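A.B. asks: model this:
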Amino acid sequence: MRTVAFDGCCSFKSADNPRQRGWLGKVHHRLGWAGYPQLMLMALVETGTRGLLGVRFGPQGPGGEPGYARRLLHLLTADMLVLADRGFDGDELLAQIAATGAQFLVRIGGNRRPRVDQPLPDGCYLTRFGDLRVRVIEAGVSSVMADGTTINTGYRLATTLLDHHRHPAVVLLRLYHERWEIESAFYALKHTLFAGRVLRSGSPSGLAQELWALLTLYQMIRAAMVEAAEHGHRTDPDRCSFTTALEHARDQVIHADGILPDSTGPTLTGTASRNTLGQRRDRTSDRSVKCPVSRHSGKAALDPRPTASTTIIERTYTIQTRTHTPAPTERPHRRQPTGMLSRHILDYLTTRPDQPYSIHEIAEHAGISYTQARNKLHDMIKRNYITRPRRGHFTASPTRVSTTTHSP
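C.D. replies: Residues are numbered from 1 along each chain as shown. Reported below is the predicted structural model:
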(Lines give C-alpha, C1' and ligand atoms only; values in the text may rest on other atoms or scores of the structure.)
Protein backbone atom coordinates (compact mmCIF):
# COMPACT_ATOMS: atom_id res chain seq x y z
CA MET A 1 0.00 0.00 0.00
CA ARG A 2 1.01 3.62 -0.43
CA THR A 3 1.76 4.95 3.04
CA VAL A 4 0.89 8.60 3.68
CA ALA A 5 0.86 10.69 6.85
CA PHE A 6 -1.04 13.66 8.25
CA ASP A 7 0.59 16.21 10.50
CA GLY A 8 0.56 19.91 11.27
CA CYS A 9 3.22 22.53 11.85
CA CYS A 10 2.95 25.93 13.56
CA SER A 11 6.57 27.08 13.16
CA PHE A 12 6.10 29.40 10.17
CA LYS A 13 6.19 33.01 11.34
CA SER A 14 4.72 35.97 9.49
CA ALA A 15 5.47 39.68 9.61
CA ASP A 16 4.22 41.37 12.78
CA ASN A 17 1.83 44.01 11.49
CA PRO A 18 -1.87 44.79 12.05
CA ARG A 19 -3.06 42.98 8.89
CA GLN A 20 -1.29 39.73 9.73
CA ARG A 21 -2.25 39.91 13.40
CA GLY A 22 -5.85 40.45 12.41
CA TRP A 23 -5.77 37.32 10.24
CA LEU A 24 -3.54 34.96 12.24
CA GLY A 25 -3.72 36.38 15.75
CA LYS A 26 -0.92 35.80 18.23
CA VAL A 27 -0.04 32.83 20.39
CA HIS A 28 0.07 33.31 24.16
CA HIS A 29 2.31 31.00 26.19
CA ARG A 30 3.57 30.86 29.74
CA LEU A 31 6.31 33.44 29.03
CA GLY A 32 3.97 35.96 27.40
CA TRP A 33 2.88 36.74 23.86
CA ALA A 34 4.81 35.28 20.92
CA GLY A 35 6.91 37.71 18.92
CA TYR A 36 5.36 36.94 15.54
CA PRO A 37 1.96 35.74 14.31
CA GLN A 38 2.26 32.04 13.55
CA LEU A 39 0.74 30.12 10.68
CA MET A 40 -0.87 26.68 10.95
CA LEU A 41 0.25 24.44 8.08
CA MET A 42 -1.29 20.99 7.62
CA ALA A 43 0.27 18.59 5.11
CA LEU A 44 -0.50 15.18 3.65
CA VAL A 45 2.87 13.61 2.81
CA GLU A 46 3.86 10.42 1.02
CA THR A 47 6.25 8.79 3.46
CA GLY A 48 8.28 6.90 0.87
CA THR A 49 9.41 10.02 -1.01
CA ARG A 50 8.48 12.77 1.51
CA GLY A 51 6.65 14.47 -1.33
CA LEU A 52 3.66 16.71 -0.64
CA LEU A 53 0.26 15.41 -1.74
CA GLY A 54 -1.67 18.35 -0.37
CA VAL A 55 -1.33 21.32 1.97
CA ARG A 56 -3.70 23.67 3.77
CA PHE A 57 -2.68 26.62 5.91
CA GLY A 58 -4.19 29.54 7.78
CA PRO A 59 -4.85 30.77 11.34
CA GLN A 60 -4.84 28.38 14.27
CA GLY A 61 -8.60 27.99 14.52
CA PRO A 62 -10.68 26.16 17.12
CA GLY A 63 -10.73 23.01 14.96
CA GLY A 64 -6.95 22.69 15.23
CA GLU A 65 -5.05 20.12 13.22
CA PRO A 66 -7.99 17.70 12.78
CA GLY A 67 -10.03 20.53 11.27
CA TYR A 68 -7.36 21.24 8.67
CA ALA A 69 -6.87 17.50 8.04
CA ARG A 70 -10.54 17.18 7.03
CA ARG A 71 -9.86 19.61 4.18
CA LEU A 72 -7.36 17.13 2.71
CA LEU A 73 -9.49 13.98 2.88
CA HIS A 74 -10.51 14.28 -0.78
CA LEU A 75 -6.90 13.43 -1.71
CA LEU A 76 -7.07 9.96 -0.13
CA THR A 77 -7.54 6.93 -2.38
CA ALA A 78 -8.26 3.27 -1.83
CA ASP A 79 -4.60 2.23 -2.24
CA MET A 80 -3.40 4.43 0.65
CA LEU A 81 -2.61 3.62 4.28
CA VAL A 82 -2.86 6.73 6.46
CA LEU A 83 -0.46 6.99 9.40
CA ALA A 84 -1.26 9.54 12.11
CA ASP A 85 -0.46 10.41 15.70
CA ARG A 86 -2.75 10.67 18.72
CA GLY A 87 -4.06 14.09 17.74
CA PHE A 88 -6.05 12.49 14.90
CA ASP A 89 -7.73 9.64 16.81
CA GLY A 90 -11.21 11.17 17.04
CA ASP A 91 -14.01 8.78 16.09
CA GLU A 92 -15.55 11.22 13.61
CA LEU A 93 -12.28 11.91 11.78
CA LEU A 94 -11.38 8.20 11.60
CA ALA A 95 -14.81 7.41 10.17
CA GLN A 96 -14.33 10.11 7.53
CA ILE A 97 -10.92 8.67 6.59
CA ALA A 98 -12.40 5.18 6.26
CA ALA A 99 -15.26 6.55 4.13
CA THR A 100 -12.74 7.61 1.46
CA GLY A 101 -11.76 3.95 0.94
CA ALA A 102 -8.30 4.43 2.44
CA GLN A 103 -7.05 2.34 5.36
CA PHE A 104 -5.50 3.86 8.47
CA LEU A 105 -3.01 2.99 11.22
CA VAL A 106 -3.37 5.57 13.98
CA ARG A 107 -1.98 5.78 17.47
CA ILE A 108 -4.71 6.41 20.03
CA GLY A 109 -4.41 8.16 23.36
CA GLY A 110 -3.58 6.32 26.55
CA ASN A 111 -6.79 7.54 28.16
CA ARG A 112 -8.88 5.51 25.70
CA ARG A 113 -9.71 1.98 26.81
CA PRO A 114 -11.72 0.40 23.98
CA ARG A 115 -13.94 -2.52 24.83
CA VAL A 116 -12.94 -5.97 23.60
CA ASP A 117 -15.54 -7.26 21.15
CA GLN A 118 -13.51 -10.15 19.73
CA PRO A 119 -10.03 -11.26 20.86
CA LEU A 120 -7.68 -12.35 18.07
CA PRO A 121 -5.04 -15.13 18.21
CA ASP A 122 -2.14 -12.68 17.88
CA GLY A 123 -3.13 -10.78 21.04
CA CYS A 124 -5.00 -7.96 19.30
CA TYR A 125 -8.75 -7.49 19.46
CA LEU A 126 -11.59 -6.09 17.41
CA THR A 127 -13.72 -3.25 18.69
CA ARG A 128 -15.81 -0.35 17.42
CA PHE A 129 -15.22 3.37 17.32
CA GLY A 130 -18.79 4.52 16.88
CA ASP A 131 -20.06 2.58 13.84
CA LEU A 132 -16.54 1.83 12.56
CA ARG A 133 -15.07 -1.63 13.16
CA VAL A 134 -11.35 -1.46 13.96
CA ARG A 135 -8.56 -3.66 15.21
CA VAL A 136 -6.57 -2.49 18.25
CA ILE A 137 -2.95 -3.44 18.88
CA GLU A 138 -1.60 -2.86 22.39
CA ALA A 139 2.13 -3.40 22.75
CA GLY A 140 5.11 -2.63 24.93
CA VAL A 141 8.32 -1.47 23.27
CA SER A 142 11.62 -2.06 25.05
CA SER A 143 14.69 -0.26 23.67
CA VAL A 144 18.24 -1.01 24.80
CA MET A 145 20.49 2.04 24.35
CA ALA A 146 24.16 2.08 23.42
CA ASP A 147 25.04 3.20 26.96
CA GLY A 148 23.33 0.12 28.41
CA THR A 149 20.15 1.79 29.68
CA THR A 150 16.72 0.41 28.79
CA ILE A 151 13.67 2.52 27.95
CA ASN A 152 10.20 0.99 28.10
CA THR A 153 7.28 2.64 26.33
CA GLY A 154 3.80 1.59 25.29
CA TYR A 155 1.82 1.90 22.08
CA ARG A 156 -1.86 1.50 21.36
CA LEU A 157 -2.65 1.49 17.64
CA ALA A 158 -6.00 1.31 15.87
CA THR A 159 -6.29 0.15 12.27
CA THR A 160 -8.88 -0.83 9.69
CA LEU A 161 -6.57 -3.67 8.55
CA LEU A 162 -8.59 -6.34 10.37
CA ASP A 163 -6.94 -9.50 8.98
CA HIS A 164 -4.21 -10.48 11.45
CA HIS A 165 -2.89 -13.13 9.04
CA ARG A 166 -2.20 -10.71 6.18
CA HIS A 167 -1.13 -7.86 8.47
CA PRO A 168 0.69 -9.20 11.57
CA ALA A 169 0.75 -6.93 14.59
CA VAL A 170 4.55 -6.69 14.81
CA VAL A 171 4.75 -5.69 11.14
CA LEU A 172 2.27 -2.88 11.72
CA LEU A 173 4.15 -1.74 14.83
CA ARG A 174 7.34 -1.44 12.81
CA LEU A 175 5.50 0.23 9.95
CA TYR A 176 4.04 2.92 12.21
CA HIS A 177 7.55 4.36 12.59
CA GLU A 178 7.20 5.55 8.97
CA ARG A 179 4.94 8.29 10.30
CA TRP A 180 8.07 10.18 11.35
CA GLU A 181 9.01 10.71 7.71
CA ILE A 182 6.66 13.68 7.69
CA GLU A 183 8.78 15.24 10.44
CA SER A 184 11.82 14.92 8.16
CA ALA A 185 9.81 16.61 5.40
CA PHE A 186 8.94 19.50 7.71
CA TYR A 187 12.57 19.79 8.78
CA ALA A 188 13.75 20.04 5.17
CA LEU A 189 11.03 22.59 4.45
CA LYS A 190 11.44 24.80 7.50
CA HIS A 191 15.14 24.63 8.28
CA THR A 192 17.06 23.47 5.21
CA LEU A 193 15.08 25.30 2.52
CA PHE A 194 13.64 28.26 4.41
CA ALA A 195 16.34 28.45 7.12
CA GLY A 196 13.85 29.55 9.77
CA ARG A 197 13.28 32.99 8.23
CA VAL A 198 10.17 35.05 8.85
CA LEU A 199 7.74 35.26 5.94
CA ARG A 200 8.25 38.80 4.74
CA SER A 201 4.93 39.64 3.08
CA GLY A 202 2.83 42.24 4.86
CA SER A 203 -0.57 41.03 3.61
CA PRO A 204 -2.43 37.70 3.83
CA SER A 205 -2.59 37.31 0.05
CA GLY A 206 1.12 38.04 -0.32
CA LEU A 207 1.95 35.60 2.46
CA ALA A 208 -0.07 32.88 0.72
CA GLN A 209 1.77 33.55 -2.54
CA GLU A 210 5.13 33.43 -0.77
CA LEU A 211 4.34 30.17 1.00
CA TRP A 212 2.97 28.48 -2.14
CA ALA A 213 6.19 29.41 -3.95
CA LEU A 214 8.22 27.82 -1.14
CA LEU A 215 6.09 24.65 -1.25
CA THR A 216 6.37 24.46 -5.05
CA LEU A 217 10.15 24.68 -4.90
CA TYR A 218 10.25 21.98 -2.23
CA GLN A 219 8.09 19.69 -4.37
CA MET A 220 10.24 20.22 -7.47
CA ILE A 221 13.40 19.30 -5.55
CA ARG A 222 11.73 16.19 -4.13
CA ALA A 223 10.61 15.13 -7.62
CA ALA A 224 14.16 15.57 -8.93
CA MET A 225 15.51 13.51 -6.01
CA VAL A 226 13.12 10.64 -6.80
CA GLU A 227 14.16 10.74 -10.45
CA ALA A 228 17.81 10.70 -9.42
CA ALA A 229 17.24 7.73 -7.12
CA GLU A 230 15.47 5.76 -9.87
CA HIS A 231 18.01 6.46 -12.61
CA GLY A 232 21.12 6.29 -10.46
CA HIS A 233 21.86 3.43 -8.09
CA ARG A 234 18.16 2.73 -7.52
CA THR A 235 18.46 3.72 -3.90
CA ASP A 236 15.62 4.54 -1.54
CA PRO A 237 14.55 8.17 -2.16
CA ASP A 238 14.53 8.92 1.57
CA ARG A 239 18.27 8.16 1.69
CA CYS A 240 19.04 10.96 -0.77
CA SER A 241 20.32 14.12 0.88
CA PHE A 242 17.91 17.06 0.58
CA THR A 243 20.72 19.47 1.51
CA THR A 244 22.89 18.14 -1.34
CA ALA A 245 20.00 18.33 -3.79
CA LEU A 246 19.27 21.92 -2.77
CA GLU A 247 22.90 22.97 -3.26
CA HIS A 248 23.05 21.36 -6.72
CA ALA A 249 19.76 23.02 -7.68
CA ARG A 250 21.30 26.37 -6.77
CA ASP A 251 24.39 25.52 -8.82
CA GLN A 252 22.20 24.73 -11.83
CA VAL A 253 20.54 28.14 -11.58
CA ILE A 254 23.91 29.91 -11.27
CA HIS A 255 25.44 28.05 -14.24
CA ALA A 256 22.21 28.38 -16.28
CA ASP A 257 22.37 24.77 -17.48
CA GLY A 258 20.50 24.28 -20.73
CA ILE A 259 20.24 28.02 -21.29
CA LEU A 260 23.78 29.18 -21.99
CA PRO A 261 25.46 27.17 -24.80
CA ASP A 262 28.75 26.74 -22.92
CA SER A 263 27.24 25.86 -19.55
CA THR A 264 28.96 22.93 -17.84
CA GLY A 265 27.44 22.98 -14.38
CA PRO A 266 26.52 19.79 -12.50
CA THR A 267 23.16 18.13 -13.07
CA LEU A 268 20.90 17.42 -10.16
CA THR A 269 19.99 13.89 -11.21
CA GLY A 270 23.62 13.02 -11.82
CA THR A 271 24.88 14.14 -8.43
CA ALA A 272 22.03 13.61 -5.96
CA SER A 273 22.03 9.85 -6.43
CA ARG A 274 25.76 9.71 -5.70
CA ASN A 275 25.41 11.80 -2.55
CA THR A 276 23.21 9.46 -0.55
CA LEU A 277 23.03 9.23 3.21
CA GLY A 278 24.39 6.23 5.05
CA GLN A 279 22.36 3.45 6.55
CA ARG A 280 19.71 4.84 8.86
CA ARG A 281 20.54 4.66 12.54
CA ASP A 282 17.94 3.53 15.05
CA ARG A 283 18.14 6.24 17.72
CA THR A 284 16.04 8.24 20.13
CA SER A 285 16.04 11.40 22.24
CA ASP A 286 13.56 13.49 24.15
CA ARG A 287 11.27 15.89 22.32
CA SER A 288 12.32 19.05 24.13
CA VAL A 289 12.04 22.09 21.87
CA LYS A 290 14.96 24.47 22.10
CA CYS A 291 12.97 27.58 21.14
CA PRO A 292 12.79 29.67 24.37
CA VAL A 293 9.29 30.99 23.62
CA SER A 294 7.82 27.54 23.12
CA ARG A 295 5.53 26.11 25.77
CA HIS A 296 7.46 22.84 25.27
CA SER A 297 10.90 24.35 25.93
CA GLY A 298 13.10 22.32 28.22
CA LYS A 299 13.06 18.61 28.97
CA ALA A 300 9.73 17.30 30.17
CA ALA A 301 9.68 15.99 33.70
CA LEU A 302 9.86 12.19 33.99
CA ASP A 303 10.76 11.78 30.33
CA PRO A 304 12.94 8.63 30.33
CA ARG A 305 14.53 9.36 26.95
CA PRO A 306 18.05 10.83 26.84
CA THR A 307 18.59 14.51 26.10
CA ALA A 308 21.12 13.83 23.35
CA SER A 309 20.45 11.56 20.38
CA THR A 310 21.44 8.02 21.45
CA THR A 311 21.73 4.90 19.31
CA ILE A 312 19.38 1.99 19.99
CA ILE A 313 21.15 -1.34 19.69
CA GLU A 314 18.13 -3.57 20.34
CA ARG A 315 14.37 -3.10 20.19
CA THR A 316 11.80 -5.63 21.40
CA TYR A 317 8.04 -5.59 20.78
CA THR A 318 5.69 -7.39 23.16
CA ILE A 319 2.00 -7.69 22.32
CA GLN A 320 -0.06 -7.07 25.45
CA THR A 321 -2.98 -9.45 25.21
CA ARG A 322 -6.37 -8.25 26.40
CA THR A 323 -9.21 -10.77 26.17
CA HIS A 324 -11.90 -8.91 28.11
CA THR A 325 -13.07 -5.43 28.90
CA PRO A 326 -12.15 -4.28 32.43
CA ALA A 327 -15.10 -3.81 34.74
CA PRO A 328 -16.06 -0.16 35.08
CA THR A 329 -14.72 1.48 38.20
CA GLU A 330 -16.66 3.87 40.38
CA ARG A 331 -16.22 7.39 39.10
CA PRO A 332 -14.73 9.81 41.64
CA HIS A 333 -16.60 12.97 42.55
CA ARG A 334 -13.90 14.94 40.76
CA ARG A 335 -11.61 14.06 37.89
CA GLN A 336 -8.17 12.59 38.51
CA PRO A 337 -5.01 14.45 37.56
CA THR A 338 -4.30 13.89 33.88
CA GLY A 339 -0.70 15.15 33.78
CA MET A 340 2.20 12.81 34.52
CA LEU A 341 3.89 15.44 36.70
CA SER A 342 0.72 15.99 38.78
CA ARG A 343 0.33 12.27 39.41
CA HIS A 344 4.02 11.97 40.30
CA ILE A 345 3.81 14.80 42.84
CA LEU A 346 0.56 13.50 44.28
CA ASP A 347 1.97 9.99 44.78
CA TYR A 348 5.01 11.52 46.47
CA LEU A 349 2.85 13.51 48.89
CA THR A 350 0.92 10.39 49.90
CA THR A 351 4.05 8.57 51.09
CA ARG A 352 3.72 10.52 54.34
CA PRO A 353 0.24 12.07 54.24
CA ASP A 354 0.48 13.65 57.71
CA GLN A 355 3.74 15.50 57.03
CA PRO A 356 3.74 18.57 54.76
CA TYR A 357 6.44 18.83 52.11
CA SER A 358 8.17 22.06 51.14
CA ILE A 359 8.44 23.35 47.58
CA HIS A 360 12.19 22.66 47.60
CA GLU A 361 11.63 19.00 48.59
CA ILE A 362 8.97 18.50 45.92
CA ALA A 363 11.09 20.20 43.23
CA GLU A 364 14.11 18.04 44.08
CA HIS A 365 12.07 14.85 44.01
CA ALA A 366 10.37 15.70 40.68
CA GLY A 367 13.59 16.91 39.07
CA ILE A 368 12.21 20.34 38.18
CA SER A 369 13.08 23.91 39.12
CA TYR A 370 11.70 25.72 42.16
CA THR A 371 9.61 28.01 39.95
CA GLN A 372 8.14 25.12 37.99
CA ALA A 373 7.26 23.29 41.19
CA ARG A 374 5.65 26.38 42.72
CA ASN A 375 3.50 27.03 39.66
CA LYS A 376 2.46 23.39 39.39
CA LEU A 377 1.55 23.19 43.10
CA HIS A 378 -0.58 26.33 42.90
CA ASP A 379 -2.42 24.83 39.92
CA MET A 380 -3.01 21.59 41.84
CA ILE A 381 -4.46 23.57 44.76
CA LYS A 382 -6.98 25.21 42.43
CA ARG A 383 -8.02 21.76 41.21
CA ASN A 384 -8.38 20.53 44.82
CA TYR A 385 -5.74 17.82 44.39
CA ILE A 386 -3.66 19.04 47.34
CA THR A 387 -3.92 21.41 50.32
CA ARG A 388 -1.55 23.97 51.84
CA PRO A 389 -1.53 23.63 55.66
CA ARG A 390 0.99 26.45 56.01
CA ARG A 391 2.96 28.80 53.82
CA GLY A 392 5.28 27.03 51.38
CA HIS A 393 4.24 23.49 52.46
CA PHE A 394 1.77 21.09 50.86
CA THR A 395 -0.02 17.81 51.56
CA ALA A 396 -2.36 15.58 49.60
CA SER A 397 -6.04 16.40 49.86
CA PRO A 398 -7.78 14.14 52.44
CA THR A 399 -10.46 13.18 49.88
CA ARG A 400 -7.95 12.48 47.14
CA VAL A 401 -8.73 9.63 44.73
CA SER A 402 -6.18 6.99 43.86
CA THR A 403 -3.94 7.62 40.89
CA THR A 404 -2.58 4.11 40.58
CA THR A 405 -3.32 2.46 37.24
CA HIS A 406 -4.04 -1.27 37.37
CA SER A 407 -3.45 -3.47 34.36
CA PRO A 408 -6.36 -5.71 33.38
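A.B. asks: Quick one: end-to-end distance for stretch 192-207.
C.D. replies: One end of stretch 192-207 sits 20 Å from the other (C-alpha to C-alpha, to the nearest Å).
A.B. asks: er, stretch 64-77 I mean
C.D. replies: 24 Å.
A.B. asks: what's the answer for stretch 11-25, then?
C.D. replies: Terminal residues of stretch 11-25 lie 14 Å apart, using C-alpha to C-alpha.
A.B. asks: Quick check, pLDDT for the closest residue to Phe129 other than its chain neighbours.
C.D. replies: Computed as C-beta to C-beta, 6 or more residues apart in numbering, the closest residue to Phe129 that is not its neighbour in sequence is Asp91, at 4.5 Å. Backbone N, C-alpha and C define where each C-beta goes, glycine included. We have a pLDDT of 91 for Asp91.
A.B. asks: Go ahead and confirm Asp91 touches Arg128.
C.D. replies: No. Shown here, Asp91 and Arg128 do not form a contact pair, counting by C-beta atoms under 8 Å, at 9.3 Å.
A.B. asks: Are we agreed that Leu161 is in a helix?
C.D. replies: No. Leu161 is assigned coil when assessed by DSSP: H, G, I helix; E, B strand; the rest coil, not a helix.
A.B. asks: how about it, what does it touch?
C.D. replies: Shown in contact with Leu161 (C-beta atoms under 8 Å, 6 or more residues apart in numbering): 81, 103, 105, 135, 167, 172.
A.B. asks: Just say helix, strand or coil for Trp318.
C.D. replies: Just so we're on the same page, residue 318 is Thr rather than Trp. strand.
A.B. asks: what's the neighbour count on it?
C.D. replies: By other C-beta atoms under 10 Å, the residues close to Thr318 number 14.
A.B. asks: now it: how far from His165?
C.D. replies: Look at Thr318 and His165: by C-beta to C-beta, to the nearest Å, they are 20 Å apart.
A.B. asks: Then Glu210?
C.D. replies: From Glu210 to His165 the distance is 50 Å (C-beta to C-beta).
A.B. asks: sorry, back to before: output the contacts of Leu161 as CSV; include the columns neighbour count.
C.D. replies: Formatted as CSV, the contacts of Leu161 follow (neighbours: other C-beta atoms under 10 Å):
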residue, neighbour count
Leu81, 22
Gln103, 20
Leu105, 25
Arg135, 23
His167, 20
Leu172, 19
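A.B. asks: Max pairwise distance over these: which two?
C.D. replies: Leu81 and Arg135 (13.4 Å; C-beta to C-beta).
A.B. asks: Contacts only, for His74.
C.D. replies: Thr100.
A.B. asks: distance of it from Lys382?
C.D. replies: Between His74 and Lys382 the distance is 44 Å, computed by C-beta to C-beta.
A.B. asks: With Leu214 instead?
C.D. replies: From Leu214 to Lys382 the distance is 44 Å (C-beta to C-beta).
A.B. asks: Compare neighbour counts for those two and give me the winner.
C.D. replies: Set Leu214 next to Lys382 and count neighbours by other C-beta under 10 Å: Leu214 wins out with 17 against 7.
A.B. asks: Measure how buried the residue nearest to that one when sequence neighbours are not counted is and give me the count.
C.D. replies: Counting by C-beta to C-beta, 6+ apart, Phe194 is the residue found nearest to Leu214 once chain neighbours are left out, at 6.1 Å. Here the number of neighbours of Phe194 (other C-beta under 10 Å) works out to 17.
A.B. asks: where along the stretch 101-250 of the chain do the strands fall?
C.D. replies: 103-107, 118-119, 125-129, 132-145, 150-159 (DSSP state E, counting those that start in this stretch).
A.B. asks: and Arg112, what pLDDT?
C.D. replies: For Arg112, the pLDDT comes out at 81.
A.B. asks: For it, list the residues it contacts.
C.D. replies: 89, 156.
A.B. asks: swap in Val106?
C.D. replies: 82-86, 88-89, 94, 157-159.
A.B. asks: Okay, and which of these map to strands?
C.D. replies: Per DSSP state E, strands hold the following members of those: 82-84, 157-159.
A.B. asks: Looks to me like Met42 is in a strand.
C.D. replies: Yes. Met42: assigned to a strand according to three-state DSSP.
A.B. asks: Number of residues surrounding the closest residue to it other than its chain neighbours?
C.D. replies: Nearest non-adjacent residue to Met42, counting by C-beta to C-beta, 6+ apart: Tyr68, 3.5 Å away. Other residues lying near Tyr68 total 21 when counted by other C-beta under 10 Å.
A.B. asks: do the same with Gly154
C.D. replies: Neighbours of Gly154 under the rule other C-beta under 10 Å: 11.
A.B. asks: Now Leu126. Nearest residue, chain neighbours left out?
C.D. replies: With sequence-adjacent residues excluded and distances taken as C-beta to C-beta, 6+ apart, Leu126 is closest to Gln118, at 4.2 Å.
A.B. asks: which ones are touching the spatially most central residue of the chain?
C.D. replies: In the chain, the residue lying closest to the centroid (C-alpha atoms, centre = their mean) is Asp85, at 5.9 Å. The contact partners of Asp85, taken as C-beta under 8 Å, 6+ apart, are 7, 106-107, 179.
A.B. asks: domain assignment for this protein?
C.D. replies: Using automatic domain parsing, the domain ranges for the chain come out as 2-189, 201-272, 340-396.
A.B. asks: As CSV, those with distance to Asp282 would be great.
C.D. replies: Putting the domains of the chain into CSV (distance: least, C-beta to C-beta, whole Å) gives the following:
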stretch, distance to Asp282
domain 2-189, 8
domain 201-272, 15
domain 340-396, 25
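A.B. asks: Out of those, flag the one nearest His324.
C.D. replies: That would be domain 2-189 among those, by C-beta to C-beta, at 5.7 Å.
A.B. asks: Tell me which helix or strand comes right after the worst-scoring helix or strand of the chain on mean pLDDT.
C.D. replies: Ranked by mean pLDDT, DSSP states H and E, the weakest helix or strand in the chain is helix 268-272, scoring a mean of 52. Later in the chain than helix 268-272, the nearest helix or strand by DSSP states H and E is strand 283-284.
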